[in-house]
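Asks: any chance you can model this:
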Amino acid sequence: MLAVVKTPHTEIRVDGLIHPRVLSVLEEVYGNRLDLREDDDDLAVPIRETEFWRTTPPSTGGIIDSLRWQKRISQAELARRAGTTRQTISAIERGRRKMGPGMLARIAAALDVPVARLVPPEMDKQEII
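Replies: Alright, predicted model coming up:
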């Protein structure tokens, strides 16, 4: 069940049924601005499953983010494994910080993938390795 309240936008997600007392409080607070609807898989999908994500040219930061997400590793955990800070991992994933070969190798090791896996296909791998 999904409750969406407009102006200001507030979204409340509830797995399962909403208890009648909770529903009455929401209706009392938000009145006619309350919009209840069943969660539908067609309405919300993870960004990584969208056509945009599949068709956007990959970057090294995007590849790192995607692999980290697939392996369910937080930025903080990846940073710990790679011997750096979470802020550095964040900046790399967003493309705001470049990496040298040493950092690339440490991140690849932390993700348990070959270095070549982190380099986009259109980039010359010989420049990085």
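Asks: what segments of this structure are helices?
Replies: 20-30, 51-55, 60-70, 75-82, 86-93, 101-111, 125-128 (DSSP state H).
Asks: any weak-confidence spans in the protein?
Replies: For the chain, the stretches with pLDDT under 70 are 1-10, 15-16, 37-49, 53, 57, 121-129.
Asks: one step back: the helices of the chain: which one's closest to Val14?
Replies: Val14 sits nearest to helix 20-30 of all the helices of the chain, at 8.0 Å, using Cβ to Cβ. Every residue, glycine included, has its C-beta placed from N, CA and C.
Asks: got the helices of the chain as JSON lines, with distance to Val119 and mean neighbour count columns?
Replies: Formatted as JSON lines, those follow (distance: least, Cβ to Cβ, whole Å; neighbours: other Cβ atoms under 10 Å):
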{"stretch": "helix 20-30", "distance to Val119": "49", "mean neighbour count": "12"}
{"stretch": "helix 51-55", "distance to Val119": "19", "mean neighbour count": "9"}
{"stretch": "helix 60-70", "distance to Val119": "6", "mean neighbour count": "18"}
{"stretch": "helix 75-82", "distance to Val119": "16", "mean neighbour count": "18"}
{"stretch": "helix 86-93", "distance to Val119": "13", "mean neighbour count": "19"}
{"stretch": "helix 101-111", "distance to Val119": "8", "mean neighbour count": "17"}
{"stretch": "helix 125-128", "distance to Val119": "5", "mean neighbour count": "11"}
